[in-house]
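Asks: Structure for this input, please:
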Amino acid sequence: MSISVDIAKLPLLLTELRLPTIKQFWEEFAERADMEGWPASRFLATLAELELAERERRRIQRHLVAARLPSGKTLDTFDFSAVPMVSKAHVMALAAGDGWLDQGKNLLFFGPPGGGKTHLSAALGHTLIDNGFRVLFTRTTDLVQRLQTARQDLALASAIDKLDKYDLLILDDLSYVEKSQAETSVLFELIAARYERRSLLITANQPFGQWDRIFPDKAMTIAAIDRLVHHATIFELNVESYRRRTAVGRDAAPSATTTDADNCRPATTTSETGDN
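Replies: As a prediction, the model looks like this:
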């Protein structure tokens, strides 16, 4: 079968096919292919790879913008020496996805202000996005307010469902949620809705024993903790505030421990609970 091709129409055809990268580079690579004697298959494969690589770059950029991660907080800029009991290898495995996101497992970061919880959580978010996952970073109080508004509009279930598109939801500063039935009830509904389906990463200044300051109802406190720690990895960054160390101009002697999520007793390494 003979096919008549009008090369002059190629830019228009590539636009119609939504192949902007091939449209941009085809002439350059066509000239190179002619000079080097490429077979047609190599020429076509090269253009297809360029298009896919550019789509992936744009996808990552879109997801980074949507994630609302703090700028500059990456694993490259995180000082692991300040929290020597936090295993860098373990963190890097978590940043690769490592199966835990598919199983809806959680990460919980505890420690005083300035210990690196927010930096480490944001850094994990950045790397997970690079590895193809969707992440949303938000202050817990901001998200709670959004969910409260959705409840008032009779759209809470829909608002929570929309968060399902994120493989990981990072709730920063859980301890700052006000102790009111309205706020903590929507937070609990979010935790319950994502339980064993979608992952949460929570940072908090207060240990579990003080969570009755967050949830006004004891039964709700127990139920929330139970869902969060089941299949969870817990890091306790019990280190001196980096900001305080910088302010006083001296080095700290930091230490970090991790906690067994089943019974909250100190452990020597990071712990993962639930099914392995």
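
Asks: phi, psi of residue 204?
Replies: Main-chain torsions, residue 204, degrees, to the nearest 10: phi -150, psi 140.

Asks: pull the longest helix from this protein.
Replies: When the chain is parsed with DSSP state H, its longest helix is helix 40-67.

Asks: where exactly do the helices run in this structure?
Replies: 10-16, 20-36, 40-67, 88-95, 117-130, 140-152, 156-162, 181-194, 218-229, 242-248.

Asks: looking at the protein, which helix or strand does the model trust least?
Replies: strand 266-267 (a mean of 36; mean pLDDT, DSSP states H and E).

Asks: how about the helices of the chain in CSV, adding distance to residue 210?
Replies: Bear in mind the C-beta positions are built from the backbone N, C-alpha and C, glycine included. Below are the helices of the chain laid out as CSV (distance: least, C-beta to C-beta, whole Å):
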stretch, distance to residue 210
helix 10-16, 59
helix 20-36, 53
helix 40-67, 29
helix 88-95, 26
helix 117-130, 16
helix 140-152, 15
helix 156-162, 26
helix 181-194, 14
helix 218-229, 10
helix 242-248, 21
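
Asks: OK, contacts around residue 196?
Replies: By C-beta atoms under 8 Å, 6 or more residues apart in numbering, the contact set of residue 196 is 103, 104, 230, 231.

Asks: can we see that at 6 Å?
Replies: Counting by C-beta atoms under 6 Å, 6 or more residues apart in numbering, residue 196 touches residue 104.

Asks: again with residue 31
Replies: Contacts of residue 31 (C-beta under 6 Å, 6+ apart): none.

Asks: Residue 37 versus that one, what's the distance?
Replies: Going from residue 31 to residue 37 by C-beta to C-beta, to the nearest Å gives 12 Å.

Asks: rewinding a little: which of the helices of the chain has the lowest mean pLDDT?
Replies: Per-stretch mean pLDDT for the helices of the chain is lowest at helix 242-248 (a mean of 55).

Asks: picking up where we left off before, which stretch among the helices of the chain comes nearest residue 78?
Replies: With C-beta to C-beta as the criterion, residue 78 lies closest to helix 117-130 of the helices of the chain, at 5.1 Å.

Asks: can you list contacts of the closest one?
Replies: 63-64, 67, 69-70, 73-75, 78, 95, 109, 111, 135, 137, 170, 172, 201, 203, 237.

Asks: buried residues in it?
Replies: 117-129 (16 or more other C-beta atoms under 10 Å).

Asks: With distance to residue 209 as added columns, please give these in a markdown table.
Replies: As requested, the buried residues of helix 117-130 are exported to a markdown table (distance: C-beta to C-beta, whole Å):
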| residue | distance to residue 209 |
| --- | --- |
| 117 | 18 |
| 118 | 22 |
| 119 | 25 |
| 120 | 23 |
| 121 | 22 |
| 122 | 27 |
| 123 | 28 |
| 124 | 26 |
| 125 | 28 |
| 126 | 32 |
| 127 | 32 |
| 128 | 30 |
| 129 | 34 |
